[in-house]
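[1] Provided below for reference: sequence and predicted model.
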Amino acid sequence: MKAYPLEAAGPVVAGVIAAEVARAGGHGVVLASPPGPASELVRRWLAPSLRVVSPDAGAVADVAGALAAGGAPGTLVEALAWRVTAEALGAAEGLVPIGCSNKTELLLDPGPLPARVLPLGDVWASTLHARLGQAALPPVLAHATPIEVAAVDGALVEYLERGAAPAGAFGRLGRLQRPVRDALDRSEVRRRGLLVPKLTPWAVGSDLAR
Amino acid sequence: MSRLKPSAAERSPLAQLRVRLEQMAPALADPVANRKTIEKAVRAAEADVVLFPELALTGYTLGHRARELGVTLDGPPPVSLPDAGPLAVFGLVERGEDHLTYNSAVAVRGDAIVAVHRKIYLPTYGTYDEGRIFARGRRSVRTFQLAPGWQAGVIVCEDFWHPAMAYLVALQGADVLLVTSAGAGRGMADPGSGAVFTSWESWELIARTTALLHGIYVVLCNRVGVEEGLTFAGGSLVVDPSGAVVARAPQLEPAHLDVVLDHDRVARARHPFAHLRDEDAAVTLHTLERIMRER
């Protein structure tokens, strides 16, 4: 993959998020992802033009406790707690919830999305790793090395964006080939984030996609 | 597409043509606001022609709203322009006589619609959904008189990526190819390059090649602004018939670009080079007929 200076994307991302906040009639954004280098990057990009709020960590912990007590799977508790808290704060203060998931996570993580608006959603994990020294990864890549993550990102580019056959795109991933392809097949974003049984001629999610 | 018959006073050819490109960010689904913007820009321009982007009257990501925002073109034009003012060329949603919805470019002078081109190639891949919203234009590609002595063709965005379109315009004696576009930026460029997106390199390459091959001016007006995650790149440009970029607007920002086109440059690009003189449409036609028969 051709590398580019990540900072160059900052003004473009900020412009898109600002337009969405204006469209939604909001007053800023609330982060629906835990603190870390990615959320700091997003904050740095957006803060000059938008109000950026993080939920109180104590409130998130309280929600997580309630979710765990309610039987939420341990692997999802933290993500769900951030999402729920951000949505509640957003609704109360007129803030648009945004998640900090990267493109690799979105394509390979079968779990729920942190938010509908994702400023880093078109930035590969390997690009973030090169710039920030670390990047969040989907469970299927939890034990992958940075070189393997870059290879997976390259395979996804070949397959999804350049039309390569699966064997050609994923063939060099070795032990990761099958789990990566399985994760891609299960990913929510492959369905545009919505699944609506089509009953009318123009159904949300399939026909009225925009 | 219709043609206006020039009056006697209009027949004396212009050696130079003043063109203004309005690289604007149309308000989404707000034709009233965009109409005012277009009318104001045309009245303010000291130009013979003012070119606006694709769907300048409505914005781009219209989805199901496209049909309700469409206008018919069998009556007065959808904008009010001074009779003696410049020719305005802009994009709009056209509601056809067949009740279908088209992504069209229209040329308007005063209260007359001079030309209409219905976009033929509707991008329906990746982030683009035009084939789900608009009907494909099926009229043949025609040229029209831009100003006395200046013949032009107008095409819309993705049409430009199909070389037959420029070829057909050039074969009809055009001096200028006008392109209205809503090209979204793709691929981040190295900041040292002075560009924001790498995708515009492809547009410029096509524009320069098209101008050089046909000995015509290419005048390309791309929009700016953000709609639903798409960042429109801007970077409008004018390429002379030798293939040189003679004017370029910045990326991402609204801008005017004023350019004077010179008929002498068209003449010089066609001599001693003889590409246009030697172009053999009959060979092309025969080959196309054979290809179509064998398909």
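    Perfect, thanks for sending it.

[2] and the average pLDDT for stretch A:28-40 is what?
    Mean pLDDT, computed over stretch A:28-40, is 95.

[3] would you mind listing the buried residues in that stretch?
    For stretch A:28-40, the neighbour count (16 or more other CB atoms under 10 Å in any protein chain shown) marks A:28-34, A:37-39 as buried. Where C-beta positions appear, they are placed from N, C-alpha and C, glycine not excepted.

[4] can you name the two of those that are farthest apart?
    Using CB to CB, the buried residues of stretch A:28-40 span at most 21.3 Å, a distance reached by A:Gly28 and A:Pro37.

[5] there's contact between B:Leu230 and B:Gly59 in this structure, I believe.
    No. Counting by CB atoms under 8 Å, B:Leu230 stays clear of B:Gly59, with 10.7 Å between them.

[6] who has more neighbours out of those two?
    The neighbour count for B:Leu230 versus B:Gly59, taken as other CB atoms under 10 Å in any protein chain shown, is higher for B:Gly59 (23 against 19).

[7] so who does the more buried one touch?
    B:26-30, B:34, B:227 (CB atoms under 8 Å, 6 or more residues apart in numbering or on different chains).

[8] I figured B:Ala166 was touching B:Thr210, is that so?
    Yes. With contact defined as CB under 8 Å, B:Ala166 and B:Thr210 form a contacting pair (4.7 Å).

[9] of the two, which one has the most company?
    Shown here are B:Ala166 and B:Thr210; by other CB under 10 Å, B:Ala166 has more neighbours (26 against 23).

[10] mind checking the SS state of the more buried one?
    The local conformation at B:Ala166, judged by DSSP: H, G, I helix; E, B strand; the rest coil, is helix.

[11] now it: how far from B:Arg268?
    Here the criterion is CB to CB, to the nearest Å. By it, B:Ala166 lies 20 Å from B:Arg268.

[12] flag every buried residue along stretch A:125-136.
    Judged by neighbour count (16+ other CB under 10 Å), stretch A:125-136 contains these buried residues: A:125-129, A:131, A:135-136.

[13] show me the contacts of B:Gly59 that map onto strands.
    When strands are assigned by DSSP state E, the members of these inside them are B:Glu227.

[14] now neighbour count too, for the contacts of B:Gly59, in TSV please.
    Converted to TSV, the contacts of B:Gly59 look like this (neighbours: other CB atoms under 10 Å in any protein chain shown):
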residue	neighbour count
B:Pro26	28
B:Ala27	16
B:Leu28	20
B:Ala29	18
B:Asp30	15
B:Asn34	25
B:Glu227	22
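
[15] from the buried residues of stretch A:125-136, which has minimum pLDDT?
    The member of the buried residues of stretch A:125-136 with the lowest pLDDT is A:Arg131, at 91.

[16] which regions of the chain sit below the pLDDT cut-off?
    In the absence of a named chain, this looks at chain A. Low-confidence regions of chain A, defined here as pLDDT under 70, cover residues A:1-3, A:190-194, A:209-210.

[17] you answered for a different chain; I wanted chain B.
    Within chain B, the stretches falling below the threshold (pLDDT under 70) are B:1-11.

[18] in it, which helix has the most residues?
    When chain B is parsed with DSSP state H, its longest helix is helix B:199-214.

[19] any shared contact partners between B:Ala166 and B:Thr210?
    Common contacts of B:Ala166 and B:Thr210, defined by CB under 8 Å, 6+ apart, comprise B:160, B:177, B:216, B:218.

[20] and the residues you listed, which two are furthest apart?
    The most widely separated members of those, counting by CB to CB, are B:Phe160 and B:Ile216 (12.9 Å).

[21] those two - which one has more neighbours?
    Set side by side, B:Phe160 and B:Ile216 give different neighbour counts by other CB under 10 Å, the larger being at B:Ile216 (27 against 22).

[22] what about B:Asp278, neighbour count?
    Residue neighbour count, defined by other CB under 10 Å, stands at 7 for B:Asp278.

[23] need the contact list for B:Leu237.
    Each residue near B:Leu237 by CB under 8 Å, 6+ apart is listed here: B:203-204, B:207, B:220, B:245, B:247-249, B:257.
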